[in-house]
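# Please work out how this folds:
(one chain, ligands or ions: 2)
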Amino acid sequence: MQTQPKRLEYDVVIVGSGAGGGMAASVLVEAGANVLMLEAGGWWDNTMDSTMLKMPYDSPRRGAGTADRPFGEFDACIGGWQIPDEPYTVAAGQKFDWWRARMLGGRTNHWGRISLRFGPDDFQRKSIDGLGDNWPITYKDLAPYYDKVDRLVGIFGSKENLPNHPDSIFQPAPRPRCHELYIKQAADRLGIWCIPARLSIITKPLNNRAPCHYCAQCNRGCMTNSNFTSGNVLIFPAAKTGRLSIITNAMAREVTVDAKGNATGVSYIDKATGKDMHVKGRIVVLAASACESARIMLNSKSSRFPNGIGNQGGVIGKYLTDSTGTDVGGFIPKLTERVRHNCDGVGGGHIYMPWWLDNKKLDFPRGYHIEVWGGLGQPGYGFMGGIENYPNFSGYGAGLKEDYRRFWGSTIGFSGRGEMVPNADSYCELDPTRKDKWGIPVLKFHWKWSDYEFKQVKHMQETFRKLIAEMGGEVWSAMPGKEKGYGISNGGQIIHEVGTVRMGNDPKTSAVDAHQAAWGCKNLFVADGGPMVSQADKNPTWTIMAMAWRTADYITQQRKAGAL
Ligand SMILES: Cc1cc2nc3c(=O)[nH]c(=O)nc-3n(C[C@H](O)[C@H](O)[C@H](O)COP(=O)(O)OP(=O)(O)OC[C@H]3O[C@@H](n4cnc5c(N)ncnc54)[C@H](O)[C@@H]3O)c2cc1C
Ligand code: SF4
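Ligands and ions are numbered 1, 2, ... in the order given. So this is what the prediction gives:
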């Protein structure tokens, strides 16, 4: 399905409909621009397509994942670590996993909705510890756009006034559940900040959307649009103006340019027919996700841009980062003793732990935050695999049923998400030989964690184990040693990949300027995580959206001034 293109030439062509593309479209359409959006995946509307109301026993496949829904057949996100017809390669002996969505709304159909602002220090890290680079913009430049995103999209949380963890304009946060209160008590005793989560789920009505009714099924898509997805919260309202056209199953190949090097539009493959198509735009915005936008730019070669558009400095693909990650789970005997009660809530933790320590006193330079899991939510298909490992396990029949009731909800866990320092060995480039189904060169990834990240993840493991011990629990796994990288995730596995098209003040060391316009091509912009200079100890999407709004505002000003 698609809305019919109405024009021969558009004010703006946007590639990608995820967090960045949806936000850019919403702001540009609101400002009066006629916009065409190209999306490589198919149509998706949560109000129609969500499986939020299904019970686990409704699953004909007992919940098993499918090729395009690896997280289970009820999951809202179509995509995965591997996409048929669209391979990528990884340098020999290295590990990198690339998770891609292929649907209207992109990865916002699955994301955890943890919506954290970057803090003032996160834009100026080099000035603090001499590593990586400073951004060409500061927190002050982005703060008004974070405010706008908060007001339009909605976020719950609590005002805390913590250093480098700026508060948003919050709706009330749901109360912590029993296991979360227990975790908080342990964190308080250990001096770890533990505060209400900050999720883009509304707890009060907002912009004609109903508040959350606490069914905890966010990853299946929300039929009441109470959580944020780019499709239902940004794109459909924008399409109602009549100024946004959307073509789905449109795989962008390259940005086309005129003799002066200005972008003239985008060529793409109509995946339904395999035909090469072209749309004209006075301005082009790439928001296909950090690595995919880099790929499109590297593939946009012309006599003016022989190494790819905006790539005069050879920067595109470089400075790729992902959050570090590791997890520890454990059994908490005390939680088997609680009175059974309604443990409903949002689809995600109600608490989290922002970075609470001073890196100057530690042997690694950047911080991390802690996400928590556990609770008595609706059991999913295949739940409690490994029940035989619980203490005094009964075995069969009535005893087994009783064990399920007793042990359900007695496991909790912690996941760390930390900041990586960009390094020269982690990047993507065009694979010199491999092409996708449509003959478009694919990406080849190179990846290396440095000692900074290994030491940080070791600290995560030790902290999570202390928390579980403090709760009187038993950790499920032995502490991974140095030879296992202390349990560090593969690059890309935390699905926070950013960088690759970084912003800066110098075309020799950056790919886009401080407004996210490509160097040498003033009417081409990048509005996803590509322009980020560094990662922060926060999840990136709220910042991607604030940056996309800022870029869209700049485009509007330039259009009004006749400069674009
Ligand atoms: C399981 C999971 C949990 C996550 N949890 C969080 C979280 O809690 N907090 C957080 O901040 N972030 C989280 N993220 C990350 C978050 O989803 C991404 O940061 C965010 O969606 C990135 O936005 P984007 O616009 O750059 O890309 P996407 O949302 O990926 O959108 C890109 C879109 O472009 C389309 N596209 C790609 N290539 C082309 C092409 N050549 N032509 C046309 N269209 C194309 C894609 O099909 C896709 O729809 C999570 C991600 C996943 C998968
Ligand atoms: S928990 Fe709330 S936001 Fe999530 S799917 Fe249910 S109603 Fe929607």
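# so what's the residue in the stretch 351-500 of the chain that ligand 2 sits nearest to up against?
Residue of the stretch 351-500 of the chain nearest ligand 2, by Cβ to the nearest ligand atom: Gly377 (9.9 Å). Backbone N, C-alpha and C define where each C-beta goes, glycine included. By Cβ atoms under 8 Å, 6 or more residues apart in numbering, the residues touching Gly377 are Ala216, Cys343, Asp344, Gly345.
# One more: Ser302?
Val257, Gly261, Ile309.
# Checking my notes, the second one in a helix, right?
I take that to be Gly261. No. Looking at Gly261 with DSSP: H, G, I helix; E, B strand; the rest coil, it is coil, so not inside a helix.
# Spatially nearest residue to it, not counting backbone neighbours?
Distance criterion Cβ to Cβ, 6 or more residues apart in numbering; nearest residue to Gly261, sequence neighbours excluded, is Arg304 at 4.2 Å.
# A strand includes that neighbour, no?
No. Assessed with three-state DSSP, Arg304 is coil; it does not lie in a strand.
# Hmm, Asn262 and it touching each other?
No. Using Cβ atoms under 8 Å, Arg304 makes no contact with Asn262, being 9.4 Å away.
# Between the two, tell me which one has more neighbours.
Set Arg304 next to Asn262 and count neighbours by other Cβ atoms under 10 Å: Asn262 wins out with 18 against 14.
# measure stretch 268-283 end to end?
One end of stretch 268-283 to the other measures 16 Å (Cα to Cα, to the nearest Å).
# Identify the residues contacting it?
Residues contacting stretch 268-283 (Cβ under 8 Å, 6+ apart): 5, 8-13, 36, 38, 40, 247, 249-253, 256, 263-267, 438, 440, 523-525, 555, 559, 564.
# In strands only, show me the residues you listed.
For the contacts of stretch 268-283, the ones inside strands are 9-13, 36, 38, 247, 250-253, 256, 263-267, 523-525, with DSSP state E as the criterion.
# and the residues you listed, which are buried?
Buried members of these, counted by 16 or more other Cβ atoms under 10 Å: 10-13, 36, 38, 247, 250-253, 256, 263-267, 523-525.
# ok, back up a step: can you put the contacts of Ser302 in TSV and add pLDDT and neighbour count?
Listed next are the contacts of Ser302 as TSV, based on pLDDT from 0 to 100; neighbours: other Cβ atoms under 10 Å:
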residue	pLDDT	neighbour count
Val257	97	23
Gly261	95	17
Ile309	97	29
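# which parts of the chain sit against ligand 1?
15-21, 38-41, 99, 101-103, 106-108, 110-114, 250-252, 287-289, 292, 296, 495-496, 528-529, 539-541, 544 (Cβ under 6 Å from any ligand atom).
# Next up, phi/psi of whichever residue of the stretch 401-550 of the chain sits closest to ligand 2, please.
In the stretch 401-550 of the chain, the residue that lies nearest ligand 2 is Thr541 (15.9 Å; Cβ to the nearest ligand atom). The phi and psi torsions at Thr541 (degrees, to the nearest 10) take the values phi -70, psi -40.
# Skipping its backbone neighbours, what lies nearest it in space?
According to Cβ to Cβ, 6+ apart, the nearest residue to Thr541 is Ala19 (5.0 Å).
# surely that neighbour meets Ser230?
Yes. At 5.7 Å, Ala19 counts as touching Ser230 under the criterion of Cβ under 8 Å.
# CA-only coordinates of the lowest-mean-pLDDT helix or strand in the chain in CSV, if you can.
Sorting the helices and strands of the chain by mean pLDDT, DSSP states H and E puts helix 397-407 at the bottom, at a mean of 92. Output in CSV follows, covering the C-alpha atoms of helix 397-407 (Å, rounded to 0.1, in the frame of the first residue of the first chain):
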residue,chain,number,x,y,z
GLY,A,397,2.5,-33.2,37.4
ALA,A,398,0.9,-31.0,40.1
GLY,A,399,4.4,-30.3,41.6
LEU,A,400,5.6,-28.9,38.3
LYS,A,401,2.5,-26.6,38.0
GLU,A,402,3.1,-25.4,41.5
ASP,A,403,6.8,-24.7,40.7
TYR,A,404,5.7,-22.6,37.7
ARG,A,405,3.5,-20.5,40.0
ARG,A,406,6.1,-20.3,42.8
PHE,A,407,9.1,-19.4,40.6
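# Give me the buried positions along it.
Asp403, Phe407.
# Next: stretch 166-183.
Burial within stretch 166-183, assessed by neighbour count using 16+ other Cβ under 10 Å, is assigned to 166, 168, 170-171, 173-174, 176-180, 182-183.
# Most widely separated two among those residues?
Pro166 and Cys178 (29.9 Å; Cβ to Cβ).
# How about the residues of the stretch 151-300 of the chain by ligand 2?
Counting by Cβ under 6 Å from any ligand atom, the residues of the stretch 151-300 of the chain lying close to ligand 2 are Ile201, Cys212, His213, Tyr214, Cys215, Ala216, Gln217, Cys218, Cys222, Thr224, Ser226, Asn227.
# Quick one: buried ones out of those residues?
For those, buried by 16+ other Cβ under 10 Å: Ile201, Cys212, Tyr214, Cys215, Ala216, Gln217, Cys218, Cys222, Thr224, Ser226, Asn227.
# surely the fifth one meets Val346?
So that's Ala216. Yes. Counting by Cβ under 8 Å, Ala216 touches Val346, with 6.5 Å between them.
# that older thread, quick one: the residue of the stretch 401-550 of the chain closest to ligand 2 and His496, what's the gap?
9 Å (Cβ to Cβ, to the nearest Å).
# So between the two, which is more surrounded?
Thr541 (28 against 24).
# ok, now which ones touch that one?
Each residue near Thr541 by Cβ under 8 Å, 6+ apart is listed here: Ala19, Thr108, Trp111, Ser115.
# out of those, which one sits closest to Thr326?
Proximity of the contacts of Thr541 to Thr326 (Cβ to Cβ) peaks at Trp111, which lies at 19.7 Å.
# who's in contact with the closest residue to ligand 2 within the stretch 1-150 of the chain?
Residue nearest to ligand 2 within the stretch 1-150 of the chain: Met52 (5.4 Å; Cβ to the nearest ligand atom). Contacts for Met52 (Cβ under 8 Å, 6+ apart) come out as Cys215, Gln217, Arg220, Gly221, Cys222, Met223.
# Next, count neighbours for Asn161.
Number of residues near Asn161 (other Cβ under 10 Å) recorded here: 7.
# Can you name the residues that contact it?
Per Cβ under 8 Å, 6+ apart, neighbours of Asn161: Asp167.
# any idea how far it is from ligand 2?
Asn161 is 27 Å from ligand 2, where distance means Cβ to the nearest ligand atom, to the nearest Å.
# circling back to that earlier point, quick check: what element follows the least confident helix or strand of the chain along the chain?
Next in sequence after helix 397-407, counting helices and strands by DSSP states H and E, comes strand 411-418.
# Pairing partners for that next one, with directions?
strand 324-331 (antiparallel), strand 368-373 (antiparallel) (DSSP bridges).
# want to throw the ones you listed into a markdown table with mean pLDDT, mean neighbour count and distance to ligand 2?
Below are those laid out as a markdown table (pLDDT from 0 to 100; neighbours: other Cβ atoms under 10 Å; distance: least, Cβ to the nearest ligand atom, whole Å):
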| stretch | mean pLDDT | mean neighbour count | distance to ligand 2 |
| --- | --- | --- | --- |
| strand 324-331 | 97 | 22 | 22 |
| strand 368-373 | 97 | 23 | 15 |
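# those helices in the stretch 201-350 of the chain, which residues are they?
236-239, 290-299 (DSSP state H, counting those that start in this stretch).
# Check the ones you listed for me and report the most buried one.
helix 290-299 (a mean of 27; mean count of other Cβ atoms under 10 Å).
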